[in-house]
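> Below are the sequence and a predicted model for it; my questions follow.
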Amino acid sequence: MSMHTPEDTVEPSRQSDDGGESDRVSEAELAVLRAENDRLREQFQQAKRTTYRRTAIAFVGIGLVSFGGALLLPNVQTVLAAFGATGIFAAVLTRFITPETFHAASVTERIFDATAENGASIVTELGLQETRLYVPLGERDTRLYVPAHRHYTIPDGQALRSVFVVTGDERERGVSLHPTGGPLYEEFETIAAETADLEQFTTQLGDAVVEQFGLARRVEATIRPAENEARFEIAGSTCGHVGAFDQPVVSLLATGLTRHLEEPVRIEFPDAADGIVRCVWGDTSDRPDAVD
């Protein structure tokens with residue numbers, strides 16, 4: 001029969017107590033860190049809201065000063081009254097467009113990374129081509145079509161409503177996905193001025209990427225109607241590399257062109273590292289970089 005000393009019986013309990021105390025300390029430290037993160041997040045959002053609020057107050061000040069000047073200076077009353085009305089309108093607009101929640105660009109980029117990785121995995125697993133086509137579907141919809149055949153043929157609208165496009169013609173087979181730029185374009189349409197001019201339209205679209213959605217720092221468009229081509233230079237993307245699968249900025253630009261032109265648009269990346277994206281449409285069989 002084995003004998004146990006008092007030390008033998010006390011030591012395990014002491015070790016258990018030490019382990020429990022260590023766990024409690026770790027949980028306490030984690031709680032402190034979470035509380036600090038919440039505080040910093042709220043502080044960041046409050047700073048943003050304060051900036052918007054101060055901007056609105058500044059616009060109100062400009063408006064009131066302009067209205068006061070209009071009363072004191074009859075010779076320039078019309079001009080000052082216009083400034084005053086503009087200032088008040090800008091203040092109201094700034095007040096009501098102030099977002100309640102702010103997300104860091106890194107959060108947006110990480111969320112999209114998962115989507116892009118999934119899309120790229122589908123292409124790899126199914127052995128699809130590198131070709132990306134944005135195809136109009138009906139009057140208000142668009143699909144991102146990725147063909148399986150090098151000598152592809154774009155299928156009809158009914159076939160494109162299925163994710164996996166399988167028809168009797170092998171050249172039509174591939175996948176048809178909802179582009180990330182689709183919902184963004186719907187938002188863009190609510191504020192865009194209607195225009196038939198392609199250059200004006202692409203300018204509005206590029207401005208929306210920067211000003212309305214905050215997805216990039218700068219977007220410059222070069223239109224070459226004779227070549228059925230629109231070239232975009234994207235700088236400061238908040239959604240990662242422009243060459244990623246269905247990248248939101250590129251997807252919005254391509255979706256917008258597809259809806260405006262009412263015909264398929266193919267995207268190319270002559271220099272993705274520098275943010276250069278080319279959108280082409282129409283008959284491109286004579287292009288050296290076109291799909292045969």
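The structure has been received and is ready for your questions.
> now the strands for this protein?
Per DSSP state E, the chain carries strands over the ranges 132-137, 141-147, 164-165, 174-177, 218-224, 229-235, 265-271, 276-281.
> helices and strands around the second one, which ones?
Taking 3 or more CB pairs under 8 Å, 6 or more residues apart in numbering; DSSP states H and E as contact, the helices and strands that strand 141-147 lies on are strand 132-137, strand 174-177, helix 181-189, helix 248-261. For glycine as for every other residue, the C-beta is placed from the backbone atoms N, C-alpha and C.
> Adding distance to residue 27 and mean neighbour count, write these out as CSV.
As requested, the helices and strands packed on strand 141-147 are exported to CSV (distance: least, CB to CB, whole Å; neighbours: other CB atoms under 10 Å):
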stretch, distance to residue 27, mean neighbour count
strand 132-137, 48, 22
strand 174-177, 43, 21
helix 181-189, 41, 19
helix 248-261, 39, 26
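> what's the closest of the ones you listed to residue 203?
Smallest distance to residue 203 across the helices and strands packed on strand 141-147 (CB to CB): 11.3 Å, for helix 248-261.
> could I get that closest one in CSV with only the CA atoms?
As requested, the backbone C-alpha atoms of helix 248-261 are provided in CSV (Å, rounded to 0.1, in the frame of the first residue of the first chain):
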residue,chain,number,x,y,z
PRO,A,248,-15.9,45.3,-57.4
VAL,A,249,-14.5,48.4,-59.1
VAL,A,250,-13.9,46.5,-62.4
SER,A,251,-17.2,44.7,-62.0
LEU,A,252,-19.1,48.0,-61.6
LEU,A,253,-17.4,49.6,-64.6
ALA,A,254,-18.0,46.6,-66.8
THR,A,255,-21.6,46.2,-65.6
GLY,A,256,-22.2,49.8,-66.3
LEU,A,257,-20.9,49.6,-69.8
THR,A,258,-22.9,46.5,-70.4
ARG,A,259,-26.1,48.2,-69.3
HIS,A,260,-25.3,51.4,-71.2
LEU,A,261,-24.3,49.7,-74.5
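> what packs against it?
If you count contacts as 3+ CB pairs under 8 Å, 6+ apart, helix 248-261 packs onto strand 132-137, strand 141-147, helix 181-189, helix 198-207, strand 229-235, strand 265-271, strand 276-281.
> Please name the residues that touch the nearest residue in space to residue 120 that is not next to it in sequence.
Closest residue to residue 120 apart from its sequence neighbours, by CB to CB, 6 or more residues apart in numbering: residue 245 at 4.7 Å. Shown in contact with residue 245 (CB atoms under 8 Å, 6 or more residues apart in numbering): 115, 116, 117, 119, 120, 123.
> I figured residue 254 was touching residue 267, is that so?
Yes - counting by CB atoms under 8 Å, residue 267 is a contact partner of residue 254 at 5.3 Å.
> Between those two, which contacts overlap?
Common neighbours of residue 254 and residue 267 (CB under 8 Å, 6+ apart) are 132, 134, 279.
> partner residues bridging the last one?
So the one you mean is residue 279. Beta-bridge partners of residue 279, counted by DSSP bridges, are residue 230, residue 267.
> Pull out the buried residues from stretch 140-160.
By 16 or more other CB atoms under 10 Å, the buried positions in stretch 140-160 come out as 141-149, 152, 154-155, 159-160.
> And those, which two are furthest apart?
Pairwise over the buried residues of stretch 140-160, using CB to CB, the maximum falls at 141 and 149, 23.8 Å.
> ok, for residue 132, nearest residue in space, not its chain neighbours?
Computed as CB to CB, 6+ apart, the closest residue to residue 132 that is not its neighbour in sequence is residue 267, at 5.0 Å.
> on that earlier part again, which ones among the contacts of residue 245 map onto helices?
115, 116, 117, 119, 120, 123 (DSSP state H).
> got the buried residues of stretch 140-160 as CSV, with pLDDT and distance to residue 187 columns?
Listed next are those as CSV, based on pLDDT from 0 to 100; distance: CB to CB, whole Å:
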residue, pLDDT, distance to residue 187
141, 92, 15
142, 95, 14
143, 95, 19
144, 96, 18
145, 96, 23
146, 96, 25
147, 96, 29
148, 94, 32
149, 94, 35
152, 94, 31
154, 94, 27
155, 93, 28
159, 93, 28
160, 94, 23
